[in-house]
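Engineer: turn this into a structure:
(chains A and B)
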Protein chains: 2
Amino acid sequence: MKEIKIGFIGLGCRGSSLLKDVILPQKEQVTAVCDTYPDRANLGADLVQAAGQPRPHVYTDAMEVIRDENVTVIIIASAWESHTDLAAAAMYAKKAVAMEVGGAYTLKQCTDLVEAYEKTQTPFMFLENCCFGRREMMVLNMVRQGLLGEIVHCAGGYQHDLRKEVAYGKENRHYRLRNYLSRNCENYPTHDLGPIAKILDINHGNRMVTLTSTASKAAGLHDYIVRNKPDDEVLKNKSFAQGDVVTTVIKCARGETIVLTLDTTLPRYYSRNFTVRGTRGMYEEVTDSVFLDQESDLAHDFDWRDTNVNNAKSYEEQYDHPVWKQYLSEGVKGTHDGMDYLEFQTFFQALRSNSPMPVDVYDAAAWMAVTVLSEMSIARGGAVVDIPDFTNGKWNREEMI
Amino acid sequence: MKEIKIGFIGLGCRGSSLLKDVILPQKEQVTAVCDTYPDRANLGADLVQAAGQPRPHVYTDAMEVIRDENVTVIIIASAWESHTDLAAAAMYAKKAVAMEVGGAYTLKQCTDLVEAYEKTQTPFMFLENCCFGRREMMVLNMVRQGLLGEIVHCAGGYQHDLRKEVAYGKENRHYRLRNYLSRNCENYPTHDLGPIAKILDINHGNRMVTLTSTASKAAGLHDYIVRNKPDDEVLKNKSFAQGDVVTTVIKCARGETIVLTLDTTLPRYYSRNFTVRGTRGMYEEVTDSVFLDQESDLAHDFDWRDTNVNNAKSYEEQYDHPVWKQYLSEGVKGTHDGMDYLEFQTFFQALRSNSPMPVDVYDAAAWMAVTVLSEMSIARGGAVVDIPDFTNGKWNREEMI
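Structural biologist: Below you'll find the predicted structure:
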């Protein structure tokens, strides 16, 4: 790619933070900004100017950004519903794409994305930042070195109390509110399915074959609104479709299981519940601990927990991923403990060197499809549903990364 | 009941520990002991004598214990496969029964148990000791007082590294080995399904309606045996049917979900992963923490975890269950942090006072059936299966305990 000229689409909470704290500090040129709300779009332009760049073109129609001849790279941080249409349109317009995460609404969105990529070969990266998390990459590194033995089971989740965000979705113009009112599904699967998929070689020697998904009743938001927004007569009388806790169990071709949990509308602390289990060891985020057979003859002992809680940091020196070792030596920057900055640094480097994207269109399709399939499974009382192979058989030919 | 004269069946590891540390210290009279292995049966008799009682009658055929006229109460701690037949036979012989936990092998075992009870009205208690755990009862107490709001989701598991126990099952004459070789199911569901079922009013205003169950591949035991028993030519070449991690998701009539995990053949620390989630609070065993909306305006805050880890002990003074408060004042005794002793104390008290058993035959049937149903679901790739209502509709008529 000769010149990176960014058209940035979507300047809500996530978009404006990405632009301000992650993109602009990397000195990348932003030539266009866009939001359906003009005030947000203008604030985005202000951010670009404040960083010392010329004021970018301001749009409220994302398709105009894609057509803008002064834009070569499209970054999509708009509402979930718009992601795949914009990404496909950008690829057909030969603009490289970085697309924020979220789940799909139909399987067609996933196949459209893959088709756009295969027809155009335009660079596409899926912005699953947790793939760039320090712990996630350290554990990936340990798995690759065989420390955990054969990997058998993983768990992860998006466990984040979003009651306030959803309840004030109208005031804050946030798309989660309409989604929680009308859909019942694993609506945000890619934390931590992304890092788990990398560990299990999904699309590179392995694939996800079936899933079942079960939702609890939806009680958390209503109870929160009754207590905290008693004057909101409209919302107080709405029923939410989205169950409070959705448990999705995925079976892989090589026999591994993945348990994903969506857990966003009951009181709890933040956790991605990242868990990797092998025949010779485990990592668990909740206790931030590593348990290795080789380091203990306590395998049957009730004290093993107490001696290992919070020990993961003692593995950093030896097992931090090489990418993170370098990143630490250069100085960690940006939001979300630095993983957002690393993610975009990787994206821009891959663009400049014409390298393959580390999180590609097949990853996006497979991971986003989980939302659609979980909705089907929940609607059918937890029925098993088949997970399409968006690589069309290539997962079994490719070398493991 | 006029006189408690115990016939104790099954004197392996669990049985002999129960007899020595839990039954005999309560000064209950043991008039017969039984094990299919004569050496174990005789060691059981030695334990009774060592406690100052006359040497009990020693049997190797459990049916003879049930027929023994000098026995009024049967305690069953033998291999899983024998539990329900012996319990039903004991009830038909009008001997009160305390039956150790384990899963069922067929649904008929569950209905046989219920039928024997309904026809004979003989006292029957299911020995799910975790229902008597201090934390489990404290959380039950908090739930009953409404502190956690409406309960929406629970999780629990039997997460215990049993590789050594299973791998040396032949040497130690332990029934787990044959079960792990030939069955693939949630083979030990009642920790912590028992305490969860009590919290969710299962069989008392609620019931479990469907489940799906998914097993990972079976890799842990083989890898363990290759590394630790390289000379065991027979076992080294066996395939284990039992998947390493089995995830079972249960949906209840009132809309709650329960996630059960069987996790016994990979390296890990011991945990029952007891988790209770409500609209206004949660308890989680892994971090031993309580999170209550009423105590925090940090619901959206990332620091909430760090301030609450290990805080559950600070709730003990106010919220320990009344039963445990009394037990603590009298002195906690026996094994498993005292819950075994409390369990049998409750059993003997209920026998003497002709009170209802706190964990009854309907609890046993419903919880043990999960093993059978999970085997069906796993065999059908995670298909949804219906959970029978062993109360035959009474669950919806009874008052909540």
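Engineer: so which bits of the one helix or strand A:I75 maps to are buried?
Structural biologist: Per DSSP states H and E, A:I75 falls inside strand A:73-76. By neighbour count on 16 or more other CB atoms under 10 Å in any protein chain shown, the buried set for strand A:73-76 is A:73-76. The C-beta positions use only the backbone N, C-alpha and C, and glycine is treated the same way.
Engineer: tell me where the stretch 1-150 of chain A has strands.
Structural biologist: A:5-9, A:29-34, A:57-59, A:73-76, A:96-100, A:124-127 (DSSP state E, counting those that start in this stretch).
Engineer: hmm, I was thinking of the stretch 151-300 of chain A
Structural biologist: A:151-159, A:208-215, A:245-252, A:257-263, A:275-278, A:281-284, A:289-292.
Engineer: related to what we said a few turns ago, can you tell which of the strands of the stretch 1-150 of chain A is closest to B:L292?
Structural biologist: Closest of those to B:L292 is strand A:96-100, at 33.8 Å (criterion: CB to CB).
Engineer: could you give the angle of that closest one to strand A:5-9?
Structural biologist: Interaxial angle, strand A:96-100 versus strand A:5-9 (axes from the mean of the first three to the mean of the last three CA atoms, to 10 degrees): 30 degrees.
Engineer: if we can go back for a sec, so for the strand holding A:I75, mean pLDDT?
Structural biologist: Strand A:73-76 shows a mean pLDDT of 98.
Engineer: got it, and stretch A:272-286?
Structural biologist: Average pLDDT, stretch A:272-286: 97.
Engineer: and for the closest residue to A:I151 other than its chain neighbours, the neighbour number?
Structural biologist: Excluding the flanking residues, the one nearest A:I151 by CB to CB, 6 or more residues apart in numbering or on different chains is A:G278, at 4.8 Å. Residues near A:G278, counting by other CB atoms under 10 Å in any protein chain shown, number 27.
Engineer: ok, and the closest non-adjacent residue to A:A62?
Structural biologist: Using CB to CB, 6+ apart, the closest residue to A:A62 is A:I9 (4.8 Å).
Engineer: the one you found bridge partners, please.
Structural biologist: A:C34, A:I76 (DSSP bridges).
Engineer: is it true that A:V97 touches A:A87?
Structural biologist: Yes. Counting by CB atoms under 8 Å, A:V97 touches A:A87, with 4.9 Å between them.
Engineer: which residues touch the residue in the stretch 101-250 of chain A that chain B sits nearest to?
Structural biologist: Distances between the stretch 101-250 of chain A and chain B by CB to the nearest CB are smallest at A:K217, namely 3.0 Å. A:K217 is in contact with A:243-244, B:152, B:254-256, counting by CB atoms under 8 Å, 6 or more residues apart in numbering or on different chains.
Engineer: tell me the pLDDT of it.
Structural biologist: According to the model, A:K217 carries a pLDDT of 98.
Engineer: most widely separated two among the buried residues of strand A:73-76?
Structural biologist: Checking the buried residues of strand A:73-76 with CB to CB, the most distant pair is A:V73 and A:I76, at 10.6 Å.
Engineer: what sits in contact with each of those two?
Structural biologist: Common contact partners of A:V73 and A:I76 (CB under 8 Å, 6+ apart): A:97-98.
Engineer: tell me who's in contact with the residue nearest to A:A62.
Structural biologist: A:I9 sits in contact with A:15, A:33-35, A:62, A:65, A:74-78, A:86, where contact means CB under 8 Å, 6+ apart.
Engineer: now swap in A:N228 and tell me
Structural biologist: A:164, A:167.
Engineer: that one and A:V166: what is the separation?
Structural biologist: Per CB to CB, to the nearest Å, A:N228 is found 12 Å from A:V166.
Engineer: can you list the residues that contact the least confident helix or strand in chain A by mean pLDDT?
Structural biologist: Taking mean pLDDT, DSSP states H and E as the measure, chain A has helix A:304-308 as its least confident helix or strand, at a mean of 86. Where contact means CB under 8 Å, 6+ apart, the residues beyond helix A:304-308 that reach it are A:287, A:289-291, A:296, A:298, B:269-271.
Engineer: contact residues of the stretch 1-150 of chain A facing chain B?
Structural biologist: Counting by CB under 8 Å from any CB of the partner chain, the residues of the stretch 1-150 of chain A close to chain B are A:149-150.
Engineer: same question for the stretch 251-400 of chain A.
Structural biologist: A:251, A:254-257, A:259, A:263, A:266-271, A:277-282, A:286-287, A:291-293, A:299-300, A:302, A:304-305, A:308, A:380-384.
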